[in-house]
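S.K.: Turn this into a model:
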Amino acid sequence: MPKKTDRKTGEVTEWKNAIDRQKAVNYLADIYCTISTGGDVWLYEDGAYHRDQGEIHSFITRIARGLDMQSQRGDDLEITNMLLGTNHFPKPPFNYKEGYLPFRNGFVIIDFETGVVSGPFPHSPENRFTYVLPADYDASAPTEPVLDVLRQWVDEKDVDILVQIPAQGFVQAMIDDTFKKSYLLQGERDSGKSSYLELIYRSVGKESGALSLVSLHAISSNRFSLASLENKVINAYDDLGSEELVGFGQFKKLTGSTYHEIERKGRDARNGRIFCVHVFACNIPPMVPERVKYDLAFWSRWEFVRFPFTHKIDPTFHTRTFTDAFLSGWYNLIIQAMVKIYRDKKLAINSTEEEVMERWFQNSDPLCQFIEEMTVDVDYNGKPIVKFNKFDKDLFYGYYVEFCKERNLDERKIIRSKEKFTRELYKYGFLPKRERITIREKGKIKRTGLVWCYVANRTWNDGMAQVEPSLPKLKGVDDLDES
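M.R.: Sure thing, here's the model as predicted:
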């Protein structure tokens, strides 16, 4: 490239090396099949698109070294700006291909009318995926071994939910809409919920571009968290904290549509596409504020999945079990669920708000767990309730504390004040009341008096424990006759 030219003769008196920016742009656009959208340049490699992560700068630096010169910052900026004007899409064009799924050995095409799967075919930039699933697909892989493992984790009625979770994510990406359903997995330690998430990690891939790991608390409180969810199929988070949730407005918006304003640190906000399905695992469900307890729009967003079994620790389980053949069988189950969802235009499993609320409260509130396990409803065969059972206040509270300690429940959730304990019992139908208690001996009334107790249309479920109220022992005072 000329550096100096004689003005009179037009003769070049000095030359210098320089990068031909247009040729560089053409070359990058050709080898990377570049796409620009949302202010970013996207590059195609190994079957999927990803944002430029320094590849453009690296390419320019290699050219500069070949020309025995230093690359200029202006080259980086100008070439990137030129690429931003090349093959530009106003809206993100990724992951729309209806019926297409990209696997390690190629993409397959699902015919939702017949359920037939064809392929795999060689990857193509025309599909515009931002992810490739990290295992090969084999249509002949059996599904029964996968179902046997799922049945070890949850009750039979909940097996279909475990398959529905990833199926929902893939369908939402294709239809560019959401079924407004997220999932909470609850179970004690070693119950299998982390193993299920490991199956998700290995079949969707932590490094594939299809998985994000953002907590429910971060979604509700951190506006930058949405950037990590863009173009993901599944957002999975293990070991969700039990502290109270806040900021439900953002979560409801996030699960209600696919287009959102996305902020990244140091960048202007822009519209992006978030279609992932959310699944969170916890030992104890997080508490919800009082105002949310009766918000049906919130509860309609959830499925609550209980992992009720306990398993021995086996460090080799994941490697032994989640083989390529197992993952292919898992993919076949997912595709079957996708076909059903697409045909029916609804989720196969869709619990009511009341069902979700009941399961959530039973497992998040130690008092609710105590009431459900240690007492049962009195059946009056539809007749009006005219009699309530009485429970000694001190004994009832003492058994509650003992119950929480035996189950190693979160100390922060145990009610330490008897006054608060009494207030919380109201919502479960236990009312504090002064009741007359009579002590009889050999058929005759020995003593009577009024004592405070709890009354409820429930009965104690443990015959070994004494919970009926009694009169305190009196010192130096004769027994009172009934009057």
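S.K.: Okay, and Ile284 sits in which element?
M.R.: Using DSSP states H and E, no element contains Ile284; it sits outside every helix and strand.
S.K.: now the strands: where do they sit in the stretch 151-300 of the chain?
M.R.: For the stretch 151-300 of the chain, the strands defined by DSSP state E, counting those that start in this stretch cover 182-187, 211-212, 234-237, 259-262, 270-273, 277-282.
S.K.: Could you tell me how many residues sit around Asn283?
M.R.: For Asn283, the number of neighbouring residues by other Cβ atoms under 10 Å comes to 18. C-beta here means a position set from N, CA and C on the backbone, and glycine is covered the same way.
S.K.: how close does the closest residue to it other than its chain neighbours sit to Val356?
M.R.: Spatially, and ignoring its direct neighbours in sequence, Asn283 is nearest to Glu188 (6.3 Å; Cβ to Cβ, 6 or more residues apart in numbering). Glu188 sits 20 Å away from Val356 when distances are taken as Cβ to Cβ, to the nearest Å.
S.K.: Who has more neighbours out of those two?
M.R.: Neighbour totals were compared for Glu188 and Val356, and Val356 leads with 19 against 14 (other Cβ under 10 Å).
S.K.: Dump the helix or strand Phe361 falls within to CSV, keeping only the CA atoms.
M.R.: Per DSSP H and E, Phe361 falls inside helix 353-364. Backbone C-alpha positions of helix 353-364 (Å, rounded to 0.1, in the frame of the first residue of the first chain) are rendered in CSV as follows:
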residue,chain,number,x,y,z
GLU,A,353,-52.4,-24.3,41.2
GLU,A,354,-53.9,-25.9,44.2
GLU,A,355,-52.0,-29.1,43.8
VAL,A,356,-48.7,-27.2,43.5
MET,A,357,-49.4,-25.0,46.5
GLU,A,358,-50.2,-28.0,48.6
ARG,A,359,-47.0,-29.8,47.7
TRP,A,360,-44.9,-26.7,48.0
PHE,A,361,-46.1,-25.7,51.5
GLN,A,362,-46.0,-29.3,52.8
ASN,A,363,-42.3,-29.5,51.9
SER,A,364,-41.2,-25.9,52.6
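S.K.: Report the angle between it and strand 277-282.
M.R.: Between helix 353-364 and strand 277-282, the angle comes out at 30 degrees (axes from the mean of the first three to the mean of the last three Cα atoms, to 10 degrees).
S.K.: Name the helix or strand for Thr61, please.
M.R.: Going by DSSP H and E, Thr61 is in helix 55-66.
S.K.: Now do that helix, average pLDDT.
M.R.: Averaged across helix 55-66, pLDDT comes to 76.
S.K.: Which SSE is immediately downstream of that helix?
M.R.: Following helix 55-66 in sequence order, the next helix or strand is helix 73-84 (DSSP H and E).
S.K.: Give me the buried positions along that next one.
M.R.: For helix 73-84, burial by neighbour count (16 or more other Cβ atoms under 10 Å) applies to Asp75, Glu78, Ile79, Thr80, Met82, Leu83.
S.K.: Please apply the same query to stretch 305-316.
M.R.: In terms of neighbour count (16+ other Cβ under 10 Å), stretch 305-316 has its buried residues at Val305, Arg306, Phe307.
S.K.: Next, the closest residue to Asn332 other than its chain neighbours: phi, psi?
M.R.: Spatial nearest neighbour of Asn332, excluding adjacent residues (Cβ to Cβ, 6+ apart): Thr143 at 5.3 Å. Main-chain dihedrals, Thr143, degrees, to the nearest 10: phi -100, psi -20.
S.K.: Surely Thr143 touches Leu333?
M.R.: Yes. In this structure, Thr143 is within contact of Leu333 by Cβ atoms under 8 Å, at 5.0 Å.
S.K.: Could you check which of those two is surrounded by more residues?
M.R.: Leu333 (22 against 17).
S.K.: quick one: contacts for the nearest residue to Glu230 once chain neighbours are set aside?
M.R.: Counting by Cβ to Cβ, 6+ apart, Glu230 lies nearest to Gly272, which is 4.6 Å off, once chain neighbours are set aside. Contacts for Gly272 (Cβ atoms under 8 Å, 6 or more residues apart in numbering) come out as Gly38, Pro92, Leu226, Ala227, Glu230, Asn231, Tyr259, His260, Glu261, Ile262.
S.K.: of the residues you listed, closest to Gly398?
M.R.: Nearest to Gly398 among the contacts of Gly272, counting by Cβ to Cβ, is Leu226 at 47.4 Å.
S.K.: Strands along the stretch 351-483 of the chain, start to end?
M.R.: 375-377, 389-392, 431-441, 444-456, 458-460.
S.K.: Let me see the backbone angles for Tyr96.
M.R.: Tyr96 adopts backbone torsions of phi -90, psi -20, taken as degrees, to the nearest 10.
S.K.: my guess is it contacts Arg128, does it?
M.R.: Yes. Between Tyr96 and Arg128 a contact is recorded at 7.2 Å, counting by Cβ under 8 Å.
S.K.: Which one's more surrounded, the two?
M.R.: Applying other Cβ under 10 Å to Tyr96 and Arg128 shows that Arg128 carries more neighbours, namely 20 against 16.
S.K.: my guess is that one meets Phe94, correct?
M.R.: Yes. Checked against Cβ under 8 Å, the pair Arg128 and Phe94 is within contact range at 5.1 Å.
S.K.: overlap in contacts of the two?
M.R.: Shared contacts of Arg128 and Phe94 (Cβ under 8 Å, 6+ apart): Tyr49.
S.K.: Okay, the residue nearest to Lys346 when sequence neighbours are not counted and Ala48: tell me how far apart.
M.R.: Distances taken as Cβ to Cβ, 6+ apart place Phe179 nearest to Lys346, at 7.4 Å, with adjacent residues excluded. Per Cβ to Cβ, Phe179 is found 25 Å from Ala48.
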